[in-house]
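Let me see the structure of the following:
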Amino acid sequence: MKDALVIIPTYNERENIEAMVRKVMSLSHPFHLLIIDDGSPDGTADIVRQLQQEFPERLLLETRKGKLGLGTAYIHGFKYALRHGYEYIFEMDCDFSHNPDDLIRLYQACAVEGYDVAIGSRYIQGVNVVNWPMSRVLMSWFASWYVRLITGMPIADTTAGFKCYRRKVLETIQLNKIRFVGYAFQIEMKFLAYKYGFKIKEVPIIFTDRTKGQSKMSKGIFKEAVFGVLKMKIGSFFRHFDRY
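Numbers count the residues shown, from 1 in each chain. Reported below is the predicted structural model:
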């Protein structure tokens, strides 16, 4: 069984990818890193291929043709992780809004403390967001409040995209039945882990908005998260959540 795989989807992340790879490779824990690039026209994948010469065992690359959505990229990565025997599987952004140093803390929450899911949480200890306009902070915070209200999940940061899963969580969740491909994917994955009764911990982090490259967030993505939650909750009434 392999240990830990960090999955980072990319699309036009030329300005961030080399620094991110080198940072993850420099951490005290020997994480493997899987980049899933959706045909970035800026040459992101080419930079990863060059770096693979330096880190041939730990740096992995999967390329896809076209921008197919955040959720499908992660599911692609999750299936890769399960096929290749990884025990701890992480998801994070490439733009340094998630601090790679916090990978160690998420790993410890699962590998040492015994949690099944560890969430890098912006809201478990107040509001820890840097460089966002107040309008976006409020939109994100109220979105999490709304998701908690509808789903009943006792999670402060329901839309967080910085997480660690134990292998058994991804084996239990039926990945082929995940409906959402955009921002709401993050909510659906937490909801399913919660409904299956897995132990979840929120690890406080400081989220810093990207300084390089272009944000992929849009109003359409956010709407999917807000309006899809009700449909997801109703659908759960007709689904059995039996882990055995």
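
And for the host helix or strand of residue 138, what's in contact with it?
For residue 138, the host element (DSSP states H and E) is helix 134-151. The contact list for helix 134-151 (C-beta atoms under 8 Å, 6 or more residues apart in numbering) reads 122-123, 127, 129, 132, 153-159, 187, 191, 194, 222, 225-226, 229-230, 232-233. C-beta coordinates here come from the backbone N, C-alpha and C atoms, glycine included.

contacting residues for residue 111?
Contacts of residue 111 were listed using C-beta under 8 Å, 6+ apart, and they are 4, 87-88.

and the gap between it and residue 41?
For residue 111, the distance to residue 41 equals 38 Å [C-beta to C-beta, to the nearest Å].

for residue 144, same thing?
Here residue 144 is placed at a distance of 34 Å from residue 41 (C-beta to C-beta).

the more surrounded of those two?
Comparing residue 144 with residue 41 by other C-beta atoms under 10 Å, the one with more neighbours is residue 144, at 21 against 8.

For that one, which non-adjacent residue is spatially closest?
Closest residue to residue 144 apart from its sequence neighbours, by C-beta to C-beta, 6 or more residues apart in numbering: residue 158 at 4.6 Å.

just residue 168 next, same as before
The shortest distance from residue 168 to any non-neighbouring residue, by C-beta to C-beta, 6+ apart, is to residue 116 (6.9 Å).

From the contact counts, what lies against whichever strand in the chain runs longest?
If you go by DSSP state E, the chain has its longest strand at strand 2-10. Applying 3 or more C-beta pairs under 8 Å, 6 or more residues apart in numbering; DSSP states H and E, one finds that strand 2-10 contacts helix 17-26, strand 32-37, helix 70-83, strand 86-91, helix 102-111.

Below-threshold pLDDT in the protein: ranges please.
Along the chain, segments meeting pLDDT under 70 span 210-226, 244.

For residue 35, see how far away residue 109 is.
If you measure residue 109 against residue 35 using C-beta to C-beta, the figure is 24 Å.

More neighbours: which of these two?
Higher neighbour count among residue 109 and residue 35: residue 35, with 27 against 22, using other C-beta under 10 Å.

beta partners of that one?
Assessed by DSSP bridges, residue 35 has beta-bridge partners residue 8, residue 61.

Would you tell me which of the helices and strands packed on strand 2-10 gets closest to residue 206?
Among those, helix 102-111 comes nearest to residue 206, with 8.6 Å by C-beta to C-beta.

Quick check: what element follows that closest one along the chain?
Next helix or strand after helix 102-111 toward the C-terminus (DSSP H and E): strand 117-121.

Tell me which strands the helix or strand just after that following strand pairs with, and in which orientation.
Next helix or strand after strand 117-121 toward the C-terminus (DSSP H and E): strand 129-130. Partners of strand 129-130 in the sheet, by DSSP bridges, are strand 207-208 (parallel).

and the partner strand, how far from the chain's centre?
Taking C-alpha atoms, centre = their mean, to the nearest Å, one finds the center of strand 207-208 at 14 Å from the center of the full chain.

mind checking how far the residue lying closest to residue 62 once chain neighbours are set aside is from residue 237?
Of all residues not flanking residue 62 in the chain, residue 36 sits nearest, at 4.9 Å (C-beta to C-beta, 6+ apart). Distance of residue 36 to residue 237, given as C-beta to C-beta: 33 Å.

quick one, which of the two is more surrounded?
Neighbours per residue (other C-beta under 10 Å) separate residue 36 from residue 237, with residue 36 holding more: 24 against 6.
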